[in-house]
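[1] I would like to see how this sequence folds:
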Amino acid sequence: MVYLLLLLIVIGAIAVCGFVGYGFGSLGRAGLGRPGRQGWLRSIAALLFAFAVAVYTWGLLCAAGAALGAEDHGAGSSPMLPCRSAGDERAMHVVDYTVQFAPLRFVCETNTGGDYASDDVPLYLNLIVLGSGLAAGACAAAATTSLKRPAEAGSAGQ
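    Sure, this is the predicted structure:
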């Protein structure tokens, strides 16, 4: 599980660089004053998506840290370190863990068949990813809609 998380972190970092490069590169090719509405929307969508991927990658890094802490079998490793919380009796019954990717969270599984999410991956990361992903999708959808040119609109009525 840890190796998969580390691989996804590397892929996320590469994707962030790619989307940032596309977002700023498309503005640079057209010039800041001339890209037009669709160019601006495409660039903003790419940058928002880069932000969403960056925040998700940060969450993967948090989950990987929790998984490394759970894999540590040294002194004081029972109950699992990421599953401990102050005054919580469930931690004494933790037998395994999983990482859920949507929404991203570190889940502690108990021997009674229940589970609970630890606080290692904060909830606000998922909300930021959702919000910026939806905003990126809205900008991309707005950029792809075809707008009538003024010359076409004037000739349509004749």
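[2] what's the following helix or strand after the host helix or strand of Ala70?
    Assigned by DSSP states H and E, Ala70 falls within helix 36-71. For helix 36-71, the following helix or strand on the C-terminal side (DSSP H and E) is strand 94-101.
[3] about what we covered before: what helices and strands are in contact with the helix holding Ala70?
    If contacts are counted by 3 or more CB pairs under 8 Å, 6 or more residues apart in numbering; DSSP states H and E, helix 36-71 sits against helix 2-30, strand 94-101, strand 104-110, helix 123-144. Every C-beta, even on glycine, is put in place using the N, C-alpha and C of the backbone.
[4] Tell me which other helices or strands the shortest one touches.
    Here strand 104-110 is seen to pack against helix 36-71, strand 94-101, strand 115-117, helix 123-144 when contacts are counted using 3+ CB pairs under 8 Å, 6+ apart.
[5] quick one, which of those is packed in tightest?
    Each of the helices and strands packed on strand 104-110 was scored by mean neighbour count; the highest is helix 36-71, a mean of 20, by mean count of other CB atoms under 10 Å.
[6] still on that earlier bit, format the helices and strands packed on strand 104-110 as TSV; extra columns: mean pLDDT and distance to Ser85.
    Output for those, formatted as TSV (pLDDT from 0 to 100; distance: least, CB to CB, whole Å):
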stretch	mean pLDDT	distance to Ser85
helix 36-71	92	13
strand 94-101	89	11
strand 115-117	88	9
helix 123-144	94	15
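[7] Might you calculate how far stretch 113-133 sits from the centre of the chain?
    10 Å (CA atoms, centre = their mean, to the nearest Å).
[8] thought Val95 was touching Gly113?
    No - between Val95 and Gly113 there is no contact under CB atoms under 8 Å: 10.2 Å.
[9] Spit out the contact partners of the nearest residue to Ala15 once chain neighbours are set aside.
    Using CB to CB, 6 or more residues apart in numbering and skipping residues adjacent in sequence, the residue nearest Ala15 is Val53, 5.0 Å away. If a contact means CB atoms under 8 Å, 6 or more residues apart in numbering, then Val53 has Gly12, Ala15, Val16, Phe19 as its contacts.
[10] repeat that with 10 Å
    11-20, 129, 132-133, 136 (CB atoms under 10 Å, 6 or more residues apart in numbering).
[11] In the protein, which residue is most central in space?
    Tyr56 (2.4 Å; CA atoms, centre = their mean).
[12] And that one, how close does it get to Leu104?
    Distance of Tyr56 to Leu104, computed by CB to CB, to the nearest Å: 7 Å.
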